[in-house]
Structure formats: C-alpha cells, structure tokens
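Participant: One predicted model, sequence on top.
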Protein chains: 2
Amino acid sequence: MTDYRRLRVALLGAGAVGSQVAALLLKHGDELADRAGAALDLVGISVRDLDARRDVDLPRELLTTDPEPLLVGADIVIELMGGIEPARTSILQAIGAGADIVTANKALLATHGPELFEAADQVGASIYYEAAAAGAIPIIRPLRDSLAGDRVQRIMGIVNGTTNYILDRMDREGSDFADVLADAQALGYAESDPTADVEGYDAAQKAAILASLAFHTAVPLSAVHREGITRIDADMMDAARKAGYVIKLLAVCERLADAEVSPSGESISVRVYPALVPREHPLASVHGANNAVFVQAEAAGDLMFYGAGAGGVQTASAVLGDVVSAARRHIAGGVGVGESTRANLPVVPIGHVVTRYQITLEVEDRPGVLAAVAGVLSDGRVSIATLEQTIVTGDDAQTARLVIGTHTAREQDLSDTVDALGASGVVQRVVSVLRVEGD
Amino acid sequence: MTDYRRLRVALLGAGAVGSQVAALLLKHGDELADRAGAALDLVGISVRDLDARRDVDLPRELLTTDPEPLLVGADIVIELMGGIEPARTSILQAIGAGADIVTANKALLATHGPELFEAADQVGASIYYEAAAAGAIPIIRPLRDSLAGDRVQRIMGIVNGTTNYILDRMDREGSDFADVLADAQALGYAESDPTADVEGYDAAQKAAILASLAFHTAVPLSAVHREGITRIDADMMDAARKAGYVIKLLAVCERLADAEVSPSGESISVRVYPALVPREHPLASVHGANNAVFVQAEAAGDLMFYGAGAGGVQTASAVLGDVVSAARRHIAGGVGVGESTRANLPVVPIGHVVTRYQITLEVEDRPGVLAAVAGVLSDGRVSIATLEQTIVTGDDAQTARLVIGTHTAREQDLSDTVDALGASGVVQRVVSVLRVEGD
C-alpha cells in the first residue's frame, strides 16, 4: 500500500449510523485511503455508554465517554450524536482546532447552520452534511455543484421514511393511521415517540437545508410551514385513490415571482404538508420507507433522486463519502463546501402560496345548497375546476358529500373561503382540505 | 454587484448545447458570479461557420472560426465541439496553457480519457465532464464524491435517449423498429445516421465513463461489450410484455467475484445490450427520451438518478454546473476532480458474465422434442427456470414456440448451448436470446 499522509479522524457518537461508519472505516481503510489520497486513522469514538449494545462490534480501545481529547489534533471530526447540545459545542470546538466537520445532524444545521458555517468560514474549515438531507441519497452535491449553473424552480421531496412507510401502507391496505403507526413502531420503522416524524418536524428540518442550498438563501427553520400526517385517515386515503391521487408528506421548496414581498420580484416558499400527488407522478411510486427528491430546474428540466432515506448503514455511506471529500481537501487545500447565501431571497408565509386544493364538505341534501357553496367560493376568489356530489343516507336524514377540486388559488383566499364555508349555514362539516401538488 | 476577480471563459463549439451554454452564461452572469465567487467573462466562441443557423442568437462579436487565440490566457475552456479531433488537440493545448477544462465529449473521454487526465494531472489542471455521462442528470459527482466511501456493486443505466424513445414507443404502440426509427428521425429524436445510438456506441462510451468512476479503474472503450437494438422487433416486444418485462437498452457495469481472472478475486464487467427488465423495476418506468441510472452500492443500497438524458438546454445545465465548480477551484486553489484509477480491476470479457436469459425457439410439434431441448440445455450447464410452449399452426405443419427462462448461467455456456440447440436438429429456429436484468 502507498505510504500516504495520515489523517486523524474522530467519531462522535456510535448509534445506528455511527457504529456502521466506524465499522466501514475500519473494514475498507485501504480502499478509502486510495480514493482519498490519505490514510484515515480512526483515533477514537466518543459514546455515552461504553457498554451499550451496538449493531456492530467496535474495538473497545477506541471507545471513550469523553469527546474532548479526541478533538485535539483531529483533522476530520464526524459528528453523529444528533440533537443540539453537546453536538453544537463539540463542532465549534473542533472547527476552532482546525478540523473539517462531517455531520448528519439536520436538527442542528436547520437551527444553528449559519453560526456553524460562519465559524468554519472564519478559519477556512468545511462542514460536510450529505447525510443530513435525505439519508443515503446524494442530493447535497447535485444541488450545490451540479446545478450551480442552473436555477432551481421547485423541489418536491419525500424526505421522511417513517411517514412515507405509514402513508404507503395506509394507501395499500386501507388501514387507519393509528393502526399502521402502532405496527410501524413494533417493526422499528417509527420511534416510540413518533412526534418528530409524524408531525413533520424532521421533514421541515430537511426542507430548510434543501431550500437553503437550492435557492442560495439561509432559510431558518422557523420560516418553514409545517403540518403533519396525524389527521390523515382511511377515508381521505380512499377518496384520494378514487380520484387518481395518493397522499404523500411532501417538503415543497418553491421559487415564487411575487413582487409584493421582494424588490427583486422573487421570493421562496418552504413548506411541509401532506398533499395529493397524481398517481402518474414519479413521486407517487416511491414506496415503503424510501425517499425521493424531485427537482425542477430552469435548464435541466425535471430530475429525480431516489434511494434509502434512513437506515444506519445506508446513511453511513453518505457520511463516508463526505469523509473522503474532507480528506481530499485536507490534503490538497482549496475551498471546501461552504455556504452560498448570496441570493438571500425572502421566505414568504404560507398565505402567499398559490396551489390547487381539494375540499371535501358534508352538506344538507336540499335544493339551493350547491348554489350557496358555489357562491361562497366565488366570493372568496376560489374558482371551481371539478365538483363531485355523493348522496350519503344516514340514520336521520340524507346528507350529501361534495368533493371540490379548485383551480390554483392563493392559500390565504382558500383558507378564508373555507372559514366562510364553515360559517355559511349550508355546510355541516368541512371533512378535509388538501393541497394538490405535482400536476 | 460585488467586485469579483474576473475569469476568462472560452467556448469551443456553438451547436445545440454550446449555444445554450453561451446564452445562459450571458443571461445569468451576475447570479453565476455570486455562486462561483468570480465573474465569468465569456471571451469568445469558436464555431465552424459564422453564419450557421443557431437555436439562440449569440453576439456576433464573440464568434470566431479560429479557436487558437481564445485558448491563450483562458482560465476555463468549455469544449463542446464533439468528436475526437480537433477537440483533443484543443483541450491538450488549453491544459498546457493552464486552463481548467469543461467538456461533454463522451467519445473523446471514452477513447482518450487517460491521456487527457494525465496531461491535466501534470500541470494541476482539472477536467470536468458532468454532461458527458447522462445529459442533465447529476451522476458524475454522486459517483465520484458522494459514493467515494462506499463500494458500488452494480450500475444499470438507461443512458441513451434515442433508443429509449424508440423502445418505449415500440412497447406502447406495438410498432416495428424501422417505423418508429423513421418517425423518431422526422421528429428530431434520432439522427439521420442513427448508428451511434441504435448500435449502442453512444451508450458504450457512457458505460466506459460510468464504470471508470464507479470502480476506480480506467475502462477502455474496447473493453465494453456492445450490442444495439436493431434486431428487436414487435414480436419480441410483445412477448416481453406478456411475460411481465419491458425491453430496455441497458449499460450494465458490474463488480464480479471471479478468482479466475484477478489475483484479488475481483473484476468488473461493462456491457451494453438490450435486456428484459421486470415491469416493476424502477427502470421500467423510464419513458420517452429520458435517462436514468440505477446504482446498487454495498452500504447505500439502491439509488436511482433520473432526468433528461439529452437536449441542448438540459445538457447546458450540467456544463454550467461544471463551469461554476471550475471557477471556484480556480479562485480557491486545491485539487479538482482528477481521476481515481487506483483499484485498477481487470475488465472481463462477456463470456464470463453470469445472468439470466430468456430463449425463444421454434421447434417441430412432435413427441420427444421437449426432452431433446431439455437435454441440450442440461448438457450445456444451463438450468431451466420456466418453460412455456405455444402451438403455432402454419400453412404446412404445426410448429411449437418454446420460451425458456433460465436460471443464472455463464454467458459462454449459454452461448455454446444456443449454438448446440441450433445444430441439434430439433430446433427449427432460434427466434431470440435476451438477457434478463434487474430481477
């Protein structure tokens, strides 16, 4: 083997991803050295509990509960602890000591990204985070480098494996949310506290990261509109299927021409919500816990990136790719990845978004109701594209179910109109309001 | 606008891709400068004919028929002339003069890649070629960087838009090859001389590039096994459809464990041929002139990259991404992309490949024939997985059509066995032999 310069690599965290990273780094060391042009010496692994059960066996002598000594003299620090602290402090410390950083910590990047990138910039260090956005799917480099000469118009991503697994099973089996969630928890696809996934927090963090890259704008997590999937039920799934749609939790990052909010006339919207996706759209056939990111760019047209969105060994692949990149840069010098936030576009609130909607209402089955509903919509500047009425015979009286597909409307107008429908006296219940994306 | 360092960019060639690159470079100059950290001054465009009709209007004062003066003092040279010469000489000249290169020239890279990379390496220049492998689809950076810490096991790519367009229409319409080809030529999807596409030469060049990257091995074009799609007819398409397959022209790059040919026990196979792909495989739903690259890696699992495989403006997106990368490197120094050929695995001939096959035979419809066919297969070490017999009543006599699906077999054994079937006396005609990939 070639006599390479040796780089000191410290690993913080040995959970599902970290233990796989350590194992692969040890197993394929020679091969990685050839690719990186440097030998990667794993000098230590900081863990919370030396005796914890791990997916793979790690050399005991590398384990330590104290990350501090590992950071001294490290060339590359891999942070896989997750969470904000102590990850943030350790990363800042490592940057200060001259290390390049590889992290999969989406929560940290989405909340403290600018602080970390600024600190790295000060000392010429780099932060690599391919594993933070969509697991094993290479999406950071395509957005940052391959599409650097293009203008991204829109990203629609299925970026959370747990919710896609749940929605996919609900769609295929006709089951209810709670049942599939319980099963997903038993099978290890969902955490015992599923909030981060099912309420869309995880997806919102990834959306902030993707939008920042795609639009060269620092997108704070607080600017991401977020809705989860807990209100999606078997009826909604069934109605979607019959109408030729599937319900997916989407991260939508969109460039808007909206002179109202930006002197340049441009702004962006970043939002996470369950949406109706046409069955023939490529995202509709993303099944199970898989992820996919659909990108529309001015010149490149439609692109899609598909793969495993989570999983220890899969995510480890993305982490190790970053380690090799960091090593190459460490050897050869030059600029790392950095941030590009020059465009600095304003992020508009959800009320500005323009999309199509499907509104499902329960109304009394009597003459004049349809006209009244149509009147409320028209007053609210919401134009009807399709309308389907089904008579439901209940215990007491006959009611009708109206499914209204709208033309594109402004979210604020739509929301005001739905309120007006609820207060109109003719609508018994607003069953659901769902956005339609990708048609 | 920030006062950036100015970089001199020379463009060689203003065809479908080149004219779009020039137009986008001029239109989005300020935005690209912000991303690159350098102003990109297009100093000239060399063309064959100053008065040629182009897709977009270019400033006349930038056009020249003499590339030589453009290369002097250029920081970045974009080569979009295509073909071997004078592209090769111009690139070597530009490298000698200290420029970084951006090219989409797959023919040149597949035949003279090592020479060019070596020349660039000598002077610390870089060659960027994202547009050479699958049009607008970002695949070079994912393979080179994102998967640098992983081991690619297999790539299956639909990397030629023309043949995918033809096969897709044949599949959907039941039409014959010649008719669809003529139509594709009329519509501009195929060249008037379609040889490079339909005989698989274009796909073979891309396969060589992808395999080189994926396996860190210099793969010469001559080592790529190549078959085209001209022998695919409506009957074969129809039979494939009925059996749950679709026929796609695939570029397959595969890591093999084959102790026979390599002391390390590893080797690779790189091949282009029409193959049966199961309908449920993600590649089966790549329609029209689109491209997709399906990658299986040891840690990352299955990944797919999908998008436009050709088209002037789409390919221009990939070229401009490379221009921004080259500019960043030019400003910040450090290593560019380079080649990684350390693994240097042997490329095995097609005879070593192990895959499944579907053999369609016409035989006499009489007792003993099936036993004879089965005997020949068994003698040839080809094991039968499925067998379907259909009786065809012709003018003279009844014949039977046998469709035999094999278990995995070695290509050499299969090929010898097919020869033996032909010579056996019981087989009237070997209708077709197709590999099955992706199941």
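Facilitator: Here it is on my side, so go on.

Participant: Which positions in the stretch 1-150 of chain A make contact with chain B?
Facilitator: Taking CB under 8 Å from any CB of the partner chain as the criterion, the stretch 1-150 of chain A approaches chain B at residues A:20, A:24, A:28, A:31-32, A:34-36, A:130, A:136-138, A:140-142, A:145-150. Backbone N, C-alpha and C define where each C-beta goes, glycine included.

Participant: does A:Leu92 really touch A:Phe117, like I thought?
Facilitator: No. With contact taken as CB atoms under 8 Å, A:Leu92 and A:Phe117 are classed as non-touching, separated by 11.5 Å.

Participant: So between those two, which is more surrounded?
Facilitator: Each of A:Leu92 and A:Phe117 has its neighbours counted (other CB atoms under 10 Å in any protein chain shown); A:Phe117 has more, 21 against 16.

Participant: how much space between that one and chain B?
Facilitator: 15 Å (CB to the nearest CB, to the nearest Å).

Participant: Doesn't that residue lie inside a helix?
Facilitator: Yes. Under DSSP: H, G, I helix; E, B strand; the rest coil, A:Phe117 sits within a helix.

Participant: hang on, the earlier thing: which of the residues of the stretch 1-150 of chain A next to chain B count as buried?
Facilitator: Among the residues of the stretch 1-150 of chain A next to chain B, those classed as buried by neighbour count (16 or more other CB atoms under 10 Å in any protein chain shown) are A:20, A:24, A:28, A:32, A:34-36, A:130, A:136-138, A:140-142, A:145-150.

Participant: Mind checking which of those land in helices?
Facilitator: Using DSSP state H to define helices, the subset of those located there is A:Gln20, A:Leu24, A:Leu32, A:Asp34, A:Arg35, A:Ala36, A:Ile140, A:Arg141.

Participant: Let me see the contact set for the last one.
Facilitator: Going by CB atoms under 8 Å, 6 or more residues apart in numbering or on different chains, A:Arg141 touches A:Glu130, B:Pro138, B:Arg141, B:Pro142, B:Asp145, B:Ser146.

Participant: farthest pair in those?
Facilitator: Farthest pair in the contacts of A:Arg141 (CB to CB) is A:Glu130 and B:Pro138. Separation: 12.9 Å.

Participant: Quick check, the residue in the stretch 101-250 of chain A closest to chain B?
Facilitator: Distance from chain B to each residue of the stretch 101-250 of chain A (CB to the nearest CB) is smallest for A:Gly149, at 2.3 Å.

Participant: any idea of the pLDDT on the residue nearest to that residue when sequence neighbours are not counted?
Facilitator: Leaving aside its chain neighbours, A:Gly149 sits nearest to B:Leu320 (2.3 Å; criterion: CB to CB, 6 or more residues apart in numbering or on different chains). Note on B:Leu320: pLDDT of 95.

Participant: other SSEs contacting the helix or strand that contains A:Arg169?
Facilitator: Remark: A:Arg169 resides in helix A:161-173, with elements defined by DSSP states H and E. Using 3 or more CB pairs under 8 Å, 6 or more residues apart in numbering or on different chains; DSSP states H and E as the contact test, the elements touching helix A:161-173 are helix A:177-187, helix A:195-198, helix A:234-242, strand A:245-257, strand A:290-297.

Participant: Please spell out which residues along it are buried.
Facilitator: For helix A:161-173, by 16+ other CB under 10 Å, it's A:Gly161, A:Thr162, A:Thr163, A:Asn164, A:Tyr165, A:Ile166, A:Leu167, A:Asp168, A:Arg169, A:Met170, A:Asp171.

Participant: my guess is the first one meets A:Gly188, correct?
Facilitator: Spelled out, that is A:Gly161. No. The pair formed by A:Gly161 and A:Gly188 falls short of the contact definition of CB under 8 Å, at 11.4 Å.

Participant: which residue ranges form the strands in the stretch 51-200 of chain A?
Facilitator: Per DSSP state E, counting those that start in this stretch, the stretch 51-200 of chain A has strands spanning A:63-64, A:76-79, A:100-103, A:127-128, A:152-158. These are given in chain order.

Participant: and chain A, what are its domains?
Facilitator: For chain A, the domain assignment from automatic domain parsing gives the residue ranges A:6-133+A:313-332, A:140-308, A:353-436.

Participant: re the thing from before, nearest to B:Ser267, of the contacts of A:Arg141?
Facilitator: Ranking the contacts of A:Arg141 by separation from B:Ser267, with CB to CB as the measure, puts B:Pro142 on top at 23.6 Å.

Participant: Name the nearest residue to that closest one, sequence neighbours excluded.
Facilitator: Of all residues not flanking B:Pro142 in the chain, A:Pro138 sits nearest, at 3.8 Å (CB to CB, 6+ apart).

Participant: who does A:Ile158 bridge with?
Facilitator: According to DSSP bridges, A:Ala292 are recorded as the beta-bridge partners of A:Ile158.

Participant: surely it meets A:Leu249?
Facilitator: Yes. Using CB under 8 Å, A:Ile158 makes contact with A:Leu249 at a distance of 7.0 Å.

Participant: so how far is A:Arg53 from A:Gly44?
Facilitator: Counting by CB to CB, to the nearest Å, the separation of A:Gly44 from A:Arg53 is 20 Å.

Participant: same question, A:Leu71
Facilitator: From A:Leu71 across to A:Arg53, the span is 26 Å (CB to CB).

Participant: Tell me which of those two has more neighbours.
Facilitator: Each of A:Leu71 and A:Arg53 had its neighbours counted (other CB under 10 Å), and the higher figure belongs to A:Leu71 (20 against 5).

Participant: contacting residues around that one?
Facilitator: A:Ala10, A:Val77, A:Ser90, A:Gln93, A:Ala94, A:Ala97, A:Ala99.

Participant: got a list of what the fourth one touches?
Facilitator: What it means is A:Gln93. Each residue near A:Gln93 by CB under 8 Å, 6+ apart is listed here: A:Glu68, A:Leu71.

Participant: same thing with the last one?
Facilitator: A:Ala99 is in contact with A:Ala10, A:Leu71, A:Ala74, A:Asp75, A:Ile76, A:Val77, A:Ala125, counting by CB under 8 Å, 6+ apart.

Participant: Name the nearest of the residues you listed relative to chain B.
Facilitator: Closest to chain B out of the contacts of A:Ala99 is A:Ile76 (11.8 Å), distances taken as CB to the nearest CB.

Participant: and A:His112, how far is that from B:Ala223?
Facilitator: Distance, A:His112 to B:Ala223, by CB to CB: 49 Å.

Participant: Disregarding flanking residues, what is the spatial nearest neighbour of A:Ala132?
Facilitator: With CB to CB, 6+ apart as the criterion, A:Ala132 has its nearest non-adjacent residue at 4.3 Å, and that residue is A:Lys106.
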